[in-house]
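Asks: One predicted model, sequence on top.
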Amino acid sequence: MDVLHNLAFGFSHALTLHNLMYCAIGCAVGTLVGLLPGMGPLSTISLLLPLTYSIPTGGALIMLAGIYYGAQYGDSVSAITMKIPHASSIVACIDGYQMTLKGKTGLALFSAGVSSFIGGTVAIVVLSTLAPALGEVAFLFGPADYCALMLLGFFCVSFVTTGGHMLNGLAMALVGVLIGSIGTDVNSGSQRFTMDLPFLADGVGLISVALGCFGIAEIVKNLDARSVFTPFTGNIHLIPTWPEFKRIIPSALRGSVIGSVLGLLPGGGPTIAQFGAYAAEKRFSKHRDEIGSGAIEGVAGQAAADEAAARTSFIPLMSIGIPENAVMALMLAAFIVKGIQPGPNMIGQHPDLFWGLVASMWIGNCFLLMLNVPMVRYLLSVFKIPYAALFPSILFFCCVGTFTVNNNLDDIYITAVFGLLGYLFLRLDLEAAPLILGFILGPMLEENFRRALLLSRGSFSTFVTRPISATLVVLMALFALWQLTAYLRQPRVRPLPAAVAD
Amino acid sequence: MPNRLLIRGFLLIAIALCFGVPAATYHVGDFFHAGPGLFPLLVSCVVGAIGLAMVVQSRIEQSESLAIGFKNIAIVLASLIGFVVIADHLKAIPAIVYLVFVSTLAGTDYSVRRNLMICAVLVVIAFAFSSLLGLNLPLI
């Protein structure tokens, strides 16, 4: 009953006219930007993050969450209709695009929309029951435990994003930690790595790093590929028949459960949940032999998992205060900009924000369904704009976004530097997603590391004697050992790595 | 052709040195009383070790060669830097025009008419931002 009471409280906050508007704007803008080629959730959020700076806290968070799942949804629309693989919608390209080839675009979009709605609803139930409970557990965490948890997060994100080449991801996360240490050291007040440049005293701006590594590097990648996107011109017939509709439901429910669980784990999130749900459909679905050649189940399962994982990945962020993937790290940064430290105290201190956000997620779900399923035709007209006209505009928005953070034009130089670095990393096949996670968690990691050692009088045994951190350290060791044996056992000439990014 | 794994290793070692060497000059302290240099020094040692491992790895196994084109990234960076310089010394509108005309050099086709249209749209958006959202860019 407590949950219902809290949710009612949340809805009373989310249903104000302003918050409804922010939610709608977030969903609409997020979907629209997410549709664009090369704009996954990470680049969409970093581009639109400065927009939320001038909005009151509750509205800003609601809008940001709207942007996030809007972008996620936009990704899957462009994957289904045009097979534009965004990092977060690779699976949607398989069966979704096959359905488009068969002329069943409308059915695919409808399945994806309805399944996302189901997945989102299931995840919100999980979120509203589990997050407060997990918040209680988080009070048991000491500095050493936080340290170990963050490191385990690095391991898992590296593993997921680099498709098994964990060392690359780990290196990137640590490079992110180093970049995060630029600026004034909080404990001693001394300047580190600032090269005596005054604008570096506060550290490197998150927006500069994110827009450089995701926005600019992605644009140049698209330009290098000289890719031409032909706009979708087919017919969209949205309303399915009853037997078709009946096929959506079981897959969507399976996908929701898988997505909710995989979204909770460190390093988890939408990408891995999609693969998990797709694999499950291939195994358990009644129509499993059709999957891969355009089956409803192949779209519905992964769409539900995608949406569910996108919601449940908020749980570790809001109850423990540690983001589990790069998108959530951006969310953490947005919370902190607004003066709110996510963590076990957040639910108690700002119940209106927490429950308002949870309730707004469900409202956002409805918006997405209402806005996108009937209006998808109009949304797809953004593809009539040629990329040659689009990318200078995106560059301009990158400049404006960087500028608005501090009203300082010099910040754009830093964005340009990270654009170059991001491009180098991209060409060297080093993923930038772990870097952003490391960059945001870096200062927290250092603080907890120093605090843990201070408490233990400089002895590292604190990491293995505390039960929570010892468990996490053992998990990491097992992970590393598994990777090492996998590496030693494989044949020497390696196939091209299949990189998967979140 | 340069070996991608080798370059990757060298890049990581270079980053580790960039951060590790200055960190060693800060007060390091010991683990009990950590100074500001200790943590970055530790992390850069690990990054350097990973880089070194990659260099060794590139000697014992084949790796795909690095395909990298510098033309487009150079054009995009030039357009960004020019944007800041012009917006700083003149106004934002000439900076927008410069950004559009230079960055489109990287595209597949170049059309002055289309560029003028993009400029017009972006200028309108910039005005809308400054009047509605309070963007402080010096436009005129």
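Replies: Done, it's in.
Asks: contacts and neighbour counts: CA atoms only from here.
Replies: Noted.
Asks: could you point out where chain B is predicted with low confidence?
Replies: Along chain B, segments meeting pLDDT under 70 span B:1-2, B:63, B:133-135, B:139-140.
Asks: Show me the strands in it, by range?
Replies: Under the criterion DSSP state E, chain B carries no strands.
Asks: residue contacts, the closest residue to chain A within it?
Replies: Chain A sits closest to B:Phe32 of chain B, with a gap of 3.7 Å, by CA to the nearest CA. Residues in contact with B:Phe32 (CA atoms under 8 Å, 6 or more residues apart in numbering or on different chains) are A:Leu453, A:Leu454, A:Ser456, A:Arg457, A:Gly458, A:Ser459.
Asks: rerun at 10 Å
Replies: Contacts for B:Phe32 (CA atoms under 10 Å, 6 or more residues apart in numbering or on different chains) come out as A:Arg450, A:Arg451, A:Ala452, A:Leu453, A:Leu454, A:Leu455, A:Ser456, A:Arg457, A:Gly458, A:Ser459, A:Phe460.
Asks: What strand or helix carries the third one?
Replies: Here A:Ala452 is covered by helix A:433-455, with elements defined by DSSP states H and E.
Asks: ok, which residues in the stretch 1-150 of chain A are in contact with chain B?
Replies: For the stretch 1-150 of chain A, the residues in contact with chain B (CA under 10 Å from any CA of the partner chain) are A:Leu51, A:Ser54.
Asks: which residues of the stretch 1-150 of chain A score low on pLDDT?
Replies: Ranges of the stretch 1-150 of chain A meeting pLDDT under 70: A:1, A:38, A:84-89.
Asks: before we move on, the earlier item: assign a three-state SS to the closest residue to the residue of chain B closest to chain A other than its chain neighbours, would you?
Replies: Distances taken as CA to CA, 6 or more residues apart in numbering or on different chains place A:Gly458 nearest to B:Phe32, at 3.7 Å, with adjacent residues excluded. Under DSSP: H, G, I helix; E, B strand; the rest coil, A:Gly458 falls in the coil class.
Asks: does the closest residue to A:Ser128 other than its chain neighbours count as helix, strand or coil?
Replies: Computed as CA to CA, 6+ apart, the closest residue to A:Ser128 that is not its neighbour in sequence is A:Val3, at 6.6 Å. Here A:Val3 is recorded as helix under three-state DSSP.
Asks: can you pull the contacts of the nearest residue to A:Arg288 once chain neighbours are set aside?
Replies: Ranked by CA to CA, 6+ apart and with sequence neighbours excluded, the top spatial neighbour of A:Arg288 is A:Lys282, at 5.1 Å. The contact partners of A:Lys282, taken as CA under 10 Å, 6+ apart, are A:Arg288, A:Asp289, A:Glu290, A:Ile291, A:Gly292, A:Glu297, A:Gly298, A:Gly301.
Asks: okay, now the fifth one: neighbour count?
Replies: Other residues near A:Gly292 number 18, with proximity taken as other CA atoms under 10 Å in any protein chain shown.
Asks: give me the low-pLDDT residue ranges for the stretch 201-350 of chain A?
Replies: A:227-238.
Asks: ok and the residue in it nearest chain B?
Replies: A:Val220 (5.9 Å).
Asks: That residue reaches B:Thr104, doesn't it?
Replies: No - in this structure, A:Val220 is not within contact of B:Thr104 by CA atoms under 10 Å, at 11.5 Å.
Asks: who touches both of these two?
Replies: Common neighbours of A:Val220 and B:Thr104 are listed as A:Phe391, B:Asn72, B:Ile75, B:Val76 (criterion: CA under 10 Å, 6+ apart).
Asks: Among those, name the buried ones.
Replies: Buried members of those, counted by 16 or more other CA atoms under 10 Å in any protein chain shown: A:Phe391, B:Asn72, B:Ile75, B:Val76.
Asks: could the residues you listed go into JSON lines alongside distance to A:Gly348?
Replies: As requested, those are exported to JSON lines (distance: CA to CA, whole Å):
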{"residue": "A:Phe391", "distance to A:Gly348": "44"}
{"residue": "B:Asn72", "distance to A:Gly348": "50"}
{"residue": "B:Ile75", "distance to A:Gly348": "51"}
{"residue": "B:Val76", "distance to A:Gly348": "47"}
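Asks: Specify which member of these is nearest to A:Ile414.
Replies: B:Val76 (13.9 Å; CA to CA).
Asks: Now do the same contact list for the closest one.
Replies: Applying CA under 10 Å, 6+ apart, the residues contacting B:Val76 are A:216-217, A:219-220, A:392, A:395, A:416, A:419-420, B:82, B:99, B:102-106.
Asks: try 8 Å this time
Replies: Here B:Val76 is in contact with A:Val220, B:Val102, B:Ser103, B:Ala106 (criterion: CA under 8 Å, 6+ apart).
Asks: Apart from its chain neighbours, what residue comes closest to A:Asp100?
Replies: Quick fix: residue A:100 reads Thr, not Asp. Leaving aside its sequence neighbours, A:Thr100 sits nearest to A:Thr81 (CA to CA, 6+ apart; 6.2 Å).
Asks: And what about that neighbour, helix, strand or coil?
Replies: helix.
Asks: any idea how far A:Asp95 is from it?
Replies: Per CA to CA, to the nearest Å, A:Thr81 is found 11 Å from A:Asp95.
Asks: shared neighbours of these two, anything?
Replies: By CA under 8 Å, 6+ apart, no residue touches both A:Thr81 and A:Asp95.
Asks: Identify the residues contacting the residue minimising distance to the centre of chain B.
Replies: Closest to where the C-alpha atoms of chain B average out (CA atoms, centre = their mean) is B:Leu77, at 8.2 Å. Contact analysis of B:Leu77 by CA under 8 Å, 6+ apart lists A:Ala416, A:Gly419, A:Leu420.
Asks: Kindly report the same for B:Asp109.
Replies: By CA under 8 Å, 6+ apart, the neighbours of B:Asp109 are A:Ala388.
Asks: And it, its phi and psi?
Replies: Backbone torsions of B:Asp109, given as degrees, to the nearest 10, read phi -130, psi 160.
Asks: Look up how far B:Ser103 lies from it.
Replies: Distance from B:Asp109 to B:Ser103, by CA to CA: 12 Å.
Asks: burial of the residue nearest to A:Thr100, as a residue count?
Replies: Counted with other CA under 10 Å, the neighbours of A:Thr81 add up to 27.
Asks: And it, how close does it get to A:Lys221?
Replies: Using CA to CA, A:Thr81 is found at 22 Å from A:Lys221.
Asks: Okay, strands next: where are they in chain A?
Replies: Listed in chain order, the strands of chain A (DSSP E) span A:183-184, A:191-192.
Asks: Take those strands and write them to JSON lines, including mean neighbour count.
Replies: Formatted as JSON lines, the strands of chain A follow (neighbours: other CA atoms under 10 Å in any protein chain shown):
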{"stretch": "strand A:183-184", "mean neighbour count": "20"}
{"stretch": "strand A:191-192", "mean neighbour count": "21"}
